[in-house]
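*Asks:* With the sequence up front, the predicted model follows.
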Amino acid sequence: MRDRAPRNSGSTLKMRDIARHAGVSPMTVSRALRQPSAVSEEMRRKVDAAVREFGYLPNRIAGSLSSNRTNVVGLIVPSIRNSLYASMIQAASDGLRANGLHLMIADSGHRLEDEEALVAAFLAQRVCGLILHNTVHSKRVRKLVEASGVPVIETGNLPDDPLDMAVSYSNFEAARAMTLHLARLGYRRIGFVTLPVRDNDRSEERRRGYFAALAELGRPADESLVLEADGGFSEGADALVRLMNAHPDLDAGFFAGEVLAVGALFECQRRGWPVPGRIAIASFDDVDLLRHAVPSVTTLRIPRQEIGKRSAELLVGRLQGAPADRIRLDLGFEIVQRESS
């Protein structure tokens, strides 16, 4: 008959109490709580069962976390509705969970003031780290982060002066590379449809990359070839029609969002415009929607899963005592040539 788990009288439960109840050594309990991946699944289940029965809330990186910090990492993305963030979030969550950390997720709605409120709320809840998709922040966010001392990862872009650590790719170089790629395929009049640039350095960097490519090609920087649009199917269709009406010689459209690109593709099909015969279409990010569209859509593949994985690794390393160096990790991108261009 198993011993009944003792009531917590207010004193801190000792590691040896958990170990005795689980039938393992205190060292095994410590290892299971600090780094679950370092013990067998059976051993992990025993320790977890004992922990639950005691109602014990372990500090899973106790040797590296301040005693007033939790084992929770706060992650803020611009929108939970955007499926592009799913693989990054999952990879980060997997990497953190393997080291006894948990992820708490919130969205800023693409607003700096909302990000500021969320950062303040996370820090008030004593998170042990932050992952921020934005790389443009209010002055207060910078002050809050600096004062807190928690490690921070930025994932949406590669800022010249990161808050702490940045793991991403260059939006500027990606847009520049795709514009040059379309030009090398023979397209002369390339329009660019970007997401709104307000409070969004990613969109601004992509816009700059597009114009940098035109300058390299010796082509004029025609502002009328660039439109801002929200990221829906109808907005993509409307943007394409506006560009075609303004520039009948337009032969390629580069869309800074996969839904925008597919919306434009649907509009071409509705109007009987052959793709790429009448106009080529290229996109940003590589998702199933682009792979299975007819025709399949040329795009930029961003390593979002790797961004999440490396972000978790860097956070865990910092919490385990790695030097507090400024890190700016560029994971690059890949052009995927398909039928639409």
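*Replies:* Great, that's in hand. Residues are numbered from 1 along each chain as shown.

*Asks:* burial of A221, as a residue count?
*Replies:* 11 (other CB atoms under 10 Å). The C-beta positions use only the backbone N, C-alpha and C, and glycine is treated the same way.

*Asks:* So it versus L214, what's the distance?
*Replies:* 6 Å (CB to CB, to the nearest Å).

*Asks:* Also R208?
*Replies:* Counting by CB to CB, the gap from R208 to L214 is 11 Å.

*Asks:* name the element Q305 belongs to?
*Replies:* helix 304-319 (DSSP states H and E).

*Asks:* Report all helices and strands that that helix contacts.
*Replies:* Counting by 3 or more CB pairs under 8 Å, 6 or more residues apart in numbering; DSSP states H and E, the packing neighbours recorded for helix 304-319 are helix 86-97, strand 129-132, strand 152-154, strand 165-168, strand 327-330.

*Asks:* Save these as JSON lines, and put in mean pLDDT too.
*Replies:* JSON lines is the format used below for the helices and strands packed on helix 304-319 (pLDDT from 0 to 100):
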{"stretch": "helix 86-97", "mean pLDDT": "96"}
{"stretch": "strand 129-132", "mean pLDDT": "97"}
{"stretch": "strand 152-154", "mean pLDDT": "97"}
{"stretch": "strand 165-168", "mean pLDDT": "97"}
{"stretch": "strand 327-330", "mean pLDDT": "95"}
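
*Asks:* Any chance of those in a markdown table with mean neighbour count and distance to F233 as columns?
*Replies:* A markdown table is the format used below for the helices and strands packed on helix 304-319 (neighbours: other CB atoms under 10 Å; distance: least, CB to CB, whole Å):
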| stretch | mean neighbour count | distance to F233 |
| --- | --- | --- |
| helix 86-97 | 20 | 19 |
| strand 129-132 | 27 | 29 |
| strand 152-154 | 26 | 30 |
| strand 165-168 | 26 | 27 |
| strand 327-330 | 15 | 32 |
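
*Asks:* For K309, find the nearest of these.
*Replies:* helix 86-97 (4.4 Å; CB to CB).

*Asks:* ok and the closest one relative to helix 304-319, angle-wise?
*Replies:* Interaxial angle of helix 86-97 relative to helix 304-319 (axes from the mean of the first three to the mean of the last three CA atoms, to 10 degrees): 30 degrees.

*Asks:* Just list what helix 86-97 packs against, helices and strands only.
*Replies:* Using 3+ CB pairs under 8 Å, 6+ apart, helix 86-97 is in contact with strand 72-77, strand 102-107, helix 304-319.

*Asks:* For the helix or strand harbouring V145, buried residues please.
*Replies:* In this assignment (DSSP H and E), V145 forms part of helix 139-148. By 16 or more other CB atoms under 10 Å, the buried positions in helix 139-148 come out as 141, 144-145, 148.

*Asks:* Which elements pack onto it?
*Replies:* Short answer (3+ CB pairs under 8 Å, 6+ apart): helix 139-148 packs on helix 112-124.

*Asks:* angle of the helix it packs on against strand 72-77?
*Replies:* Using the same axes, to 10 degrees: helix 112-124 against strand 72-77 is 170 degrees.

*Asks:* Residues contacting helix 112-124, please?
*Replies:* The contact list for helix 112-124 (CB atoms under 8 Å, 6 or more residues apart in numbering) reads 74, 76, 104, 106, 108, 130, 132, 134, 136-138, 140-141, 144-145, 148, 150, 199.

*Asks:* Thank you kindly, that will do.
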